[in-house]
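Visitor: Just a sequence and a predicted model for now, questions to come.
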Amino acid sequence: MHIAIAGNIGSGKTTLTTLLAKHYGWEAHFEAVDDNPYLNDFYEDMQRWSFNLQIYFLNSRFNQVLDIRKSGKTVIQDRTIYEDAFIFAPNLHAMGLMTTRDFDNYFSLFELMSSLIEPPDLLIYLRASVPTLVNQIQKRGRKYENTIRLDYLRRLNERYEAWVSKYDNNKLLVVDVDTLNFTENPEDLRDVINKIDAQIHGLF
């Protein structure tokens, strides 16, 4: 079984992936942030590095999904290939940070890759307001994230909401991060787990 967690920067994807992997005994697949050779450059000069960054993420996540399906295990994945294609790349294009030529090239590659993979059995979307995102980004203190602008987070949130409202690839669970602090409150984590249990039992 393939469970994936989607959500904006700072919504708590990595934390929830870790907590659920521990609770259920699932194998966790994390986003390749620390090994990403383009991330620091991208935050310094988004226009120059946007295409390189998105191609790196696309390739990394495509390989992840292939590995997940081959493994035969129940895997929980931190961020999906769909977020790259429907949220981050089009946002960069709309902001004038990726050329139309590069975006068209990127999206045609995504369409080919997505035709060769299965979507997650369950997608968990972490919905969070911009103030919550900013608070959590500041808490973790990654240097390259210090320059992220509020309007960038707001634009991403708008795209996430538009994407999730039409998501019909498989089962979907929306978790409101503004009201559920699963990182620090065990009762809130239990609430999330109960909701996941209800979804999972419907998968068999």
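Guide: Structure's in. What do you need? Numbering: from 1, shown residues only.
Visitor: Quick check: phi and psi on the most centrally placed residue in the chain?
Guide: For the chain, the residue nearest the mean C-alpha position is Arg79 (2.7 Å; Cα atoms, centre = their mean). Per-residue torsions, Arg79: phi 80, psi 150 (degrees, to the nearest 10).
Visitor: Please shift the residue numbers so they start at 7 in all later answers.
Guide: Sure, I'll start counting at 7 from here, so that last one is Arg85.
Visitor: what's the neighbour count on His207?
Guide: Here the number of neighbours of His207 (other Cβ atoms under 10 Å) works out to 8. Quick note: C-beta positions are derived from backbone N, CA and C, even for glycine.
Visitor: Contact partners for it?
Guide: By Cβ atoms under 8 Å, 6 or more residues apart in numbering, the contact set of His207 is empty.
Visitor: Would you quantify the distance from it to Lys201?
Guide: As judged by Cβ to Cβ, to the nearest Å, His207 and Lys201 stand 11 Å apart.
Visitor: what's the pLDDT at Gly147?
Guide: Looking at Gly147, its pLDDT stands at 67.
Visitor: and what of Phe92?
Guide: Here the pLDDT value assigned to Phe92 is 96.
Visitor: about what we covered before: in this structure the residue nearest to the centre of the chain contacts His35, no?
Guide: No - shown here, Arg85 and His35 do not form a contact pair, counting by Cβ atoms under 8 Å, at 9.4 Å.
Visitor: From Phe188, how far out is Tyr196?
Guide: Rather than Tyr, residue 196 is Arg. In terms of Cβ to Cβ, Arg196 sits 9 Å off from Phe188.
Visitor: higher neighbour count, those two?
Guide: Set Arg196 next to Phe188 and count neighbours by other Cβ under 10 Å: Phe188 wins out with 21 against 12.
Visitor: which residues does the more buried one contact?
Guide: Here Phe188 is in contact with 18, 21-22, 25, 181, 194-195, 197-198 (Cβ under 8 Å, 6+ apart).
Visitor: Surely it is within a strand?
Guide: No - with DSSP: H, G, I helix; E, B strand; the rest coil as the criterion, Phe188 is assigned coil and is not in a strand.
Visitor: excluding its backbone neighbours, what's nearest it?
Guide: Setting aside the residues directly before and after it, Phe188 is nearest to Leu195 in space (Cβ to Cβ, 6 or more residues apart in numbering), at 4.2 Å.
Visitor: quick one on the thing from earlier: what's the overlap in contacts for Arg196 and Phe188?
Guide: By Cβ under 8 Å, 6+ apart, no residue touches both Arg196 and Phe188.
Visitor: Can you give the contact residues for stretch 67-84?
Guide: With Cβ under 8 Å, 6+ apart as the test, stretch 67-84 has contacts from 7-11, 19-20, 23, 26-27, 30, 32-37, 85-87, 90, 119, 123-124, 126.
Visitor: Which of those residues fall in helices?
Guide: 19-20, 23, 26-27, 30, 87, 119 (DSSP state H).
Visitor: Kindly indicate which of the residues you listed lies nearest Lys172.
Guide: Ile87 (16.5 Å; Cβ to Cβ).
Visitor: Would you check how far apart the closest one and Asp184 are?
Guide: Ile87 is 26 Å from Asp184, by Cβ to Cβ.
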